[in-house]
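A.B. asks: this is the structure alone, sequence omitted:
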């Protein structure tokens, strides 16, 4: 299972959603970590991942959020 990190800090939606979705759609990726800097991006990426059947874990790191997306 491959893991990939996607840094979306400072990006406005829909860019974080598009980057996260592209990473989730790559064959062989079982875990995608996405770093975002806004609650809107956090919520939109989480919602998209869940709608694609992925598990979502959110951790707050100071002024950033780290989303760990995993295949069930």
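C.D. replies: Now that the structure is in, tell me what you want to look at. Just so it is clear, the structure is predicted and the values come from calculations on it, not from any experiment. Residues are numbered from 1 along each chain as shown.

A.B. asks: all helices of this protein, in order?
C.D. replies: Shown for the chain, the helices assigned by DSSP state H span residues 15-25, 39-51.

A.B. asks: and the first one with helix 39-51, angle?
C.D. replies: If I follow you right, that is helix 15-25. On the basis of axes from the mean of the first three to the mean of the last three Cα atoms, to 10 degrees, helix 15-25 is oriented at 30 degrees to helix 39-51.

A.B. asks: need the contact list for the residue positioned nearest the centre of the chain.
C.D. replies: If you average the C-alpha coordinates of the chain and look for the closest C-alpha using Cα atoms, centre = their mean, you land on residue 34, 3.8 Å from that point. By Cβ atoms under 8 Å, 6 or more residues apart in numbering, the contact list for residue 34 reads 5, 6, 8, 16, 19, 20, 23, 45, 66, 67, 69. Backbone N, C-alpha and C define where each C-beta goes, glycine included.

A.B. asks: likewise residue 68?
C.D. replies: 31, 32, 33, 56, 57, 58, 59.

A.B. asks: next one: residue 6
C.D. replies: Contacts for residue 6 (Cβ under 8 Å, 6+ apart) come out as 19, 20, 23, 32, 33, 34, 35.

A.B. asks: what number of residues lie near the first one?
C.D. replies: A count of neighbours around residue 19, defined by other Cβ atoms under 10 Å, yields 18.

A.B. asks: and the gap between it and residue 3?
C.D. replies: Relative to residue 3, residue 19 is positioned 15 Å away (criterion: Cβ to Cβ, to the nearest Å).

A.B. asks: next one: phi and psi at residue 13?
C.D. replies: Backbone torsions of residue 13, given as degrees, to the nearest 10, read phi -60, psi 140.

A.B. asks: thanks again, I'm all set now.
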